[in-house]
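> after the sequence you'll find the predicted model.
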Amino acid sequence: MTAIQIQYGHTMPNQSRPIVCIGAGGIMKDAHLPAYRKAGFEVAGITDLNLQKADTLATTFDIPNVYESTEQAVTEAPTHSVFDIAVPASALTELLPAFPQGAGLLIQKPMGEDIAQAKEIKAICKEREFTAAINFQMRFAPPVIAARNIIDDGHIGELHDIEIRVTVYTPWHLWDFLEKCARVEILYHSIHYIDLIRSFFGDPQGVYAKTVKHPKMMNMADVRSNIIMDYGEVKRANITANHAHEYGLEHQESYLKFEGTQGAIKIRLGVLMDYPEGMADAFEYCILREGKTPEWVSVNIDGTWFPDAFIGTMASLMRKLEDPSNELPTAIDDAYKTMACVEAAYHSSVYGSTPVLYT
């Protein structure tokens with residue numbers, strides 16, 4: 001089979017802006033800052049409620065300024081800075097008014113802890129005229145960009161099926177604040193998949209879901225989920241996530257699969273397996289040829305979800321600030337729709353079961 005041409009690079013701004021980081025937690029250390037270093041973006045400063053964490057990351061990533069507070073970070077930020085906000089979702093409604101009118105903000109997902117907070121966040125961003133995006137970075141993972149280009153070019157025909165399956169052991173203790181959250185798995189993890197499916201299929205008619213605890217992780221609100229996004233009689237969108245598979249790597253799974261009328265794409269997302277060390281990604285596609293046995297082709301994609309996708313979200317925000325006519329895929333209004341789907345999933349988990357009539 002002749003290999004097809006696959007594009008998966010990020011579209012970068014003509015000129016990058018200084019980045020000021022609010023928050024110095026694990027996601028900043030493992031993804032945001034490595035991504036910005038790889039992209040060559042300037043990080044001008046960082047702050048955190050725990051200044052020791054901020055000092056440590058400043059040393060590790062050669063960040064010149066550690067601010068004692070968000071207020072100092074805003075006051076001393078270089079002209080035309082972008083603020084990269086990575087704090088617990090519950091803190092956003094109080095924190096956002098601290099940023100200057102018209103600022104550029106990249107806000108780590110989720111957009112609040114529920115739809116009520118999401119509405120408040122959206123209202124604050126509108127009132128203060130922020131150019132703001134939620135960091136739904138999975139859309140910008142290099143293998144996802146590659147898949148989207150293959151699909152958009154028509155190589156696999158009409159896309160009609162998206163399946164996402166995660167069977168891994170996630171070390172939730174790395175994010176200790178999650179133990180205090182009333183919602184965990186869908187809100188902090190499968191939200192990525194809901195957003196990704198929306199980016200391909202648009203807004204669903206409805207959501208069916210069930211999310212549950214695990215007997216060995218009773219300190220967590222929920223760590224396993226099944227989600228079906230309803231797109232009518234032809235399209236299927238299915239998410240299965242189990243973060244409690246503690247039985248070694250042999251049967252762990254972490255994949256996205258896209259099926260069309262003329263072909264399919266399967267992506268292994270290795271970062272979720274043996275996290276945070278991770279495993280190698282894999283990218284394969286199959287295109288039906290008349291009279292020929294289906295054949296899968298493996299492609300080496302340069303770059304992974306963590307950290308490369310975080311280049312894409314920041315680059316798209318910088319491009320929007322550079323030229324308002326540029327697209328901002330995860331802008332506040334679009335991100336709100338993902339939050340609405342998450343809210344529907346949790347509602348379905350409580351109220352959606354249909355009794356079985358045995359008599």
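That came in fine, so what should we check first?
> the helix or strand hosting C125 packs against which elements?
Element membership for C125 (DSSP states H and E) is helix 115-127. Applying 3 or more CB pairs under 8 Å, 6 or more residues apart in numbering; DSSP states H and E, we find helix 115-127 packed against helix 92-95, helix 332-351. Any C-beta I mention is one placed from the backbone N, CA and C, and that applies to glycine too.
> now the angle from the last one to helix 115-127?
Counting by axes from the mean of the first three to the mean of the last three CA atoms, to 10 degrees, helix 332-351 points 170 degrees away from the direction of helix 115-127.
> in helix 332-351, what counts as buried?
332, 334-346, 348-349 (16 or more other CB atoms under 10 Å).
> just the residues you listed now: which is nearest F130?
In terms of CB to CB, no member of the buried residues of helix 332-351 lies closer to F130 than I332, at 7.8 Å.
> check which helix or strand covers A44.
strand 43-47.
> same check on K210?
strand 206-212.
> which SSE is immediately downstream of that strand?
strand 224-231.
> any idea how far the next helix or strand after that following strand is from the chain center?
Elements were assigned by DSSP H and E; along the chain past strand 224-231, the next helix or strand is strand 235-242. Centroid separation between strand 235-242 and its chain, computed with CA atoms, centre = their mean, to the nearest Å, is 16 Å.
> please apply the same query to stretch 305-323.
12 Å.
> likewise stretch 288-300?
Worked out by CA atoms, centre = their mean, stretch 288-300 lies 30 Å from the chain centre.
> and the contacts of that stretch?
1, 3, 6, 146, 262-263, 266, 282-286 (CB atoms under 8 Å, 6 or more residues apart in numbering).
> among these, which ones are buried?
Among the contacts of stretch 288-300, those buried by neighbour count (16+ other CB under 10 Å) are 6, 146, 263, 266, 282-283, 285-286.
> just put the residues you listed in a markdown table and tack on pLDDT, distance to I124 and secondary structure.
Formatted as a markdown table, the buried ones among the contacts of stretch 288-300 follow (pLDDT from 0 to 100; distance: CB to CB, whole Å; DSSP: H, G, I helix; E, B strand; the rest coil):
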| residue | pLDDT | distance to I124 | secondary structure |
| --- | --- | --- | --- |
| I6 | 90 | 40 | coil |
| A146 | 97 | 36 | helix |
| G263 | 98 | 44 | strand |
| K266 | 98 | 40 | strand |
| A282 | 97 | 41 | strand |
| F283 | 98 | 39 | strand |
| Y285 | 98 | 42 | strand |
| C286 | 98 | 46 | strand |
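> in those residues, find the pair that's most separated.
G263 and A282 (16.8 Å).
> what is the mean pLDDT for stretch 333-351?
The average pLDDT for stretch 333-351 rounds to 96.
> any idea how far G154 lies from I287?
Distance, G154 to I287, using CB to CB, to the nearest Å: 10 Å.
> show me the helices in the stretch 251-359 of the chain, by range?
For the stretch 251-359 of the chain, the helices defined by DSSP state H, counting those that start in this stretch occupy 309-322, 332-351.
> the closest residue in space to E71 that isn't next to it in sequence: neighbour count?
Excluding the flanking residues, the one nearest E71 by CB to CB, 6 or more residues apart in numbering is A98, at 6.3 Å. Neighbour count for A98, taken as other CB atoms under 10 Å: 14.
> what are the phi and psi angles of H80?
phi 70, psi 30 (degrees, to the nearest 10).
> tell me, how many residues neighbour it?
Residues near H80, counting by other CB under 10 Å, number 12.
> quick revisit: what does the strand holding A44 contact?
With CB under 8 Å, 6+ apart, strand 43-47 has contacts from 18-24, 28, 33, 36, 54, 57-58, 61, 63-70, 72-73, 76-78, 81.
> show the average pLDDT along stretch 61-75.
98.
> determine how far the last residue of it lies from the first.
Start and end residues of stretch 61-75 are separated by 22 Å (CA to CA, to the nearest Å).
> how far off centre is that stretch?
The answer for stretch 61-75 is 26 Å, by CA atoms, centre = their mean.
> how about that stretch: buried residues?
Buried residues in stretch 61-75, counted by 16+ other CB under 10 Å: 61, 63, 65-67, 70, 73-74.
> repeat that for stretch 128-148.
Buried, per 16+ other CB under 10 Å, within stretch 128-148: 128, 130-148.
> state the distance from S199 to N14.
25 Å.
> the more surrounded of the two?
S199 (17 against 8).
> doesn't A335 make contact with the more buried one?
No - under the criterion of CB atoms under 8 Å, S199 makes no contact with A335, lying 11.2 Å away.
> what's the neighbour count on the nearest residue to A344 once chain neighbours are set aside?
If you skip the residues right next to it in sequence, A344 has V207 as its closest partner in space, 4.2 Å away by CB to CB, 6+ apart. Residues lying near V207 (other CB under 10 Å) number 24.
> please apply the same query to N300.
Neighbour number of N300 under other CB under 10 Å is 8.
> ok, it to A237 distance?
28 Å.
> before we move on, what about A182?
Counting by CB to CB - A182 and A237 are separated by 26 Å.
> between these two, which one's more packed in?
Each of A182 and A237 has its neighbours counted (other CB under 10 Å); A237 has more, 23 against 11.
> I'd say the more buried one and I228 touch.
Yes - applying CB under 8 Å, one finds A237 in contact with I228, separated by 7.0 Å.
> would you mark the buried spots in stretch 211-231?
By neighbour count on 16+ other CB under 10 Å, the buried set for stretch 211-231 is 211, 213-214, 217, 220-229, 231.
> now for the residues you listed, which pair is the farthest apart?
M217 and Y231 (31.8 Å).
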